[in-house]
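In: what would the 3D arrangement of this be:
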Amino acid sequence: TDVPMMKDVQNWKSGNGSHLSDDERLVIKRCLGFFAGTESLVANNLMTLTKYITDPECRQYMARQMYEECLHNHTIVYICDSLDLGVKEVYEAYANIKSIREKDEFLMGVTGELNRNEINTQTRQGKRDLYRTAFTYYIVCEGTFFFSGFAMLLALSDKIPGIAEQIQYTLRDESLHIKFGTLLLNKLREQYPEIMDKSFEKELTDVLQQAVELEIAYA
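Out: The predicted structure follows:
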């Protein structure tokens, strides 16, 4: 809330089309619509994932990350309130916009098992379930599903400088989240080599390929 939104509001509410075109307004609403639902989704998944991570330093970082995800969520609320955007335009995009709904449903389909059932990480299958969820969370959601939205909003930074500044902070955070997530996945793979074989590698590759196709459709 320290970020000034005066120019953003002025350009958004100007009706003469010289400040923001209808297409640019749609880009902003779609990006905010995806972020509004997904920031909540990732924070909830992170809470579940943390239960299974025993390393104290990792748990400390993940606690910090949960705070950052909540802050990103608050950022979207602040932007929407500043621009006086309606609930249906942004907060219900996960239900109303097909490409956003499909991305969210894809994430929940892959990570939902961890939220529905306790997993036994003493078994190979349990370790794989945990790894798949962490992979989907860090590499797909944080690493694939966010960055086209960042690019689109930052491309309009001369017209929406307040939003762009907040997105730059979010981009900084998410880049660190991916760096941590990659380290976590590599350590799990190193400590538990039985997790990975050709069939599981193919399963993860298929997950990422589906995610890329969904992201292209959304963008």
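In: surely residue 166 meets residue 73?
Out: No: using CB atoms under 8 Å, residue 166 is not in contact with residue 73; the gap is 11.9 Å. All C-beta spots, glycine's among them, are computed from the backbone N, C-alpha and C.
In: which one's more surrounded, these two?
Out: Comparing residue 166 with residue 73 by other CB atoms under 10 Å, the one with more neighbours is residue 166, at 22 against 18.
In: please tell me how far that one sits from residue 85.
Out: Counting by CB to CB, to the nearest Å, the gap between residue 166 and residue 85 amounts to 15 Å.
In: state the number of residues packed around residue 4.
Out: Neighbours of residue 4 under the rule other CB under 10 Å: 12.
In: what packs against the longest helix that the chain contains?
Out: Secondary structure of the chain per DSSP state H: the longest helix is helix 161-191. If contacts are counted by 3 or more CB pairs under 8 Å, 6 or more residues apart in numbering; DSSP states H and E, helix 161-191 sits against helix 6-13, helix 56-83, helix 124-135, helix 147-154.
In: buried residues in the next helix or strand after the second one?
Out: When you say that, I think you mean helix 56-83. Sequence order places helix 87-90 as the next helix or strand after helix 56-83, per DSSP states H and E. Neighbour-count burial for helix 87-90 flags 89-90 (criterion: 16 or more other CB atoms under 10 Å).
In: send the alpha carbons of helix 87-90 over as PDB?
Out: In PDB, the C-alpha atoms belonging to helix 87-90 read as follows (Å, rounded to 0.1, in the frame of the first residue of the first chain):
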ATOM      1  CA  VAL A  87     -15.800  -9.400  -8.400                       C
ATOM      2  CA  LYS A  88     -16.900 -11.200 -11.600                       C
ATOM      3  CA  GLU A  89     -14.200  -9.400 -13.600                       C
ATOM      4  CA  VAL A  90     -11.300 -10.700 -11.500                       C
END
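In: and for that helix, what's in contact with it?
Out: Contacts to helix 87-90, defined as CB atoms under 8 Å, 6 or more residues apart in numbering, come from residues 29, 32-33, 36, 76, 80, 96.
In: just put the residues you listed in TSV and tack on distance to residue 67 and secondary structure.
Out: TSV is the format used below for the contacts of helix 87-90 (distance: CB to CB, whole Å; DSSP: H, G, I helix; E, B strand; the rest coil):
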residue	distance to residue 67	secondary structure
29	27	helix
32	21	helix
33	23	helix
36	18	helix
76	16	helix
80	21	helix
96	30	helix
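In: tell me the one among the residues you listed nearest to residue 55.
Out: Closest approach to residue 55 among those (CB to CB): residue 76, at 30.9 Å.
In: I'd like to know how far that closest one sits from residue 157.
Out: Taken as CB to CB, the span from residue 76 to residue 157 is 17 Å.
In: more neighbours: those two, which one.
Out: A direct count of neighbours by other CB under 10 Å for residue 76 and residue 157 places residue 76 higher, at 25 against 14.
In: so where is this structure shaky, pLDDT-wise?
Out: Low-confidence regions of the chain, defined by pLDDT under 70, span residues 15-18, 111-117.
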